[in-house]
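Chemist: would you be able to build a 3D model of this:
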Amino acid sequence: RGLHKSPFYSPPGLSRTTHHPTPPRPTQTMMNFTKSMLALLATAVTLHEARAHGAGCGVCDVSAVCNTNIMEGCPQGVWNSSNPLPEIISWHIHIMFNGDANNAPNDPAHGEAGALELAASFHQEFGPMDNCTMLMDDGKAMCEFPYDDEPGVACAGPFYTKTAAFSIPTDDFEATVGYMMQHRGTYDILVHPNTGCLLNDHLEWSLWAGTQWPIRFFFP
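Modeler: As a prediction, the model looks like this:
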C-alpha cells in the first residue's frame, strides 16, 4: 500500500481524548485558517496550468498544483445560490477521534483504539481498498485516507481531531453510510459530499451521526 499506515496498525503513545459537546464560535485561529486556505486555493484555481493533483503532491497537500479541484467551479469555496447546485462527485466518511491537547484527555468512548476497530470492521464489510491519492478523487472506487496526521495538518487540516476517513462513490452511499450509522457505537461520524464547494460541503451539506464536533472552517 505504501502511502500511509493501515488503520489496522495502532502506533504506540497516542492519547485518547474527547471532544467539545457543541461547536464554538469561530475563533481568530479558525478564521485565519479558513482565509489562508481559501486564498491559497483561489490562487491555485486561477493558474492556467493548475491540475487537480500534480507530480510530487501528497494525498492532502494543497497548493498551486495539488488538490486544486476541491474548489473547482466554486469560487471562494462557497456555492452561489444563483447557480445550479453542483454535482456530488463522491462522499467522505470521517470517524472522529483523538482530539488535540486542548480537549479533555483519556476518553475511551472516543479514543483511538475503538475508532480503528470501527475502521477495521468497515474494511471487513466492504473489502480491501486502495489508499486515496487526493482529497477529491473521481468517485469511481472506495479508498482510505491517512489516519495519523496531526489535527490541523494535511488530511486532518479542517479538524481539531484526528479522523479515520474513507472516500465513497455516490453509488455506495446508502450501504456505507448505513453501515456506519448502525455500527458506530459511541463514536461520532461526519459524512460530507465533495462538490468543489469546500465550505458548503463541510458546513452546510454535511450530516452527523451522534454529536457534531467543531471544525476549523467557517463561512466568510
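Chemist: now for residue 208: which residues touch it?
Modeler: Neighbouring residues of residue 208 by Cβ atoms under 8 Å, 6 or more residues apart in numbering: 188-191. (Each C-beta comes from the backbone N, C-alpha and C, glycine too.)
Chemist: are any of these buried, and which?
Modeler: 188-191 (16 or more other Cβ atoms under 10 Å).
Chemist: which helix or strand in this structure has the lowest average pLDDT?
Modeler: When the helices and strands of the chain are compared on mean pLDDT, DSSP states H and E, helix 28-46 comes out lowest with a mean of 51.
Chemist: circling back: export the contacts of residue 208 as a markdown table, with columns for secondary structure and pLDDT.
Modeler: Supplementary listing: these in a markdown table, determined by DSSP: H, G, I helix; E, B strand; the rest coil; pLDDT from 0 to 100:
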| residue | secondary structure | pLDDT |
| --- | --- | --- |
| 188 | coil | 94 |
| 189 | strand | 96 |
| 190 | strand | 97 |
| 191 | strand | 98 |
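Chemist: just these now: which is nearest residue 158?
Modeler: When these are compared for distance to residue 158 (Cβ to Cβ), residue 190 wins out at 9.6 Å.
Chemist: count of residues packed around the closest residue to that closest one other than its chain neighbours?
Modeler: Nearest in space to residue 190, with sequence neighbours left out and distances taken as Cβ to Cβ, 6 or more residues apart in numbering, is residue 94 at 4.2 Å. Taking other Cβ atoms under 10 Å as the neighbour definition, residue 94 ends up with a count of 28.
Chemist: residue 94 - that's part of a strand, no?
Modeler: Yes: according to DSSP: H, G, I helix; E, B strand; the rest coil, the state of residue 94 is that of a strand.
Chemist: dump the residue contacts of it.
Modeler: With contacts defined as Cβ under 8 Å, 6+ apart, residue 94 is in contact with 159, 163-165, 189-192.
Chemist: got the buried residues for stretch 200-209?
Modeler: Within stretch 200-209, the residues that qualify as buried by neighbour count (16+ other Cβ under 10 Å) are 200-203, 205-206, 209.
Chemist: where do the strands sit along this structure?
Modeler: With DSSP state E as the definition, the chain shows strands at residue ranges 90-99, 130-131, 143-144, 161-169, 189-194, 207-209.
Chemist: wait, which of those is closest to residue 77?
Modeler: The minimum distance between residue 77 and the strands of the chain falls on strand 189-194, with 12.1 Å, by Cβ to Cβ.
Chemist: from the contacts of residue 208, which is closest to residue 216?
Modeler: The shortest separation between residue 216 and any of the contacts of residue 208 is 12.9 Å, and it belongs to residue 190 (by Cβ to Cβ).
Chemist: among the contacts of residue 208, which pair sits farthest apart?
Modeler: Spatially, the most separated pair among the contacts of residue 208 is 188 and 191, at 10.9 Å (Cβ to Cβ).
Chemist: what is in contact with those two at once?
Modeler: For the pair residue 188 and residue 191, residues contacting each of them under the criterion Cβ under 8 Å, 6+ apart are 208-209.
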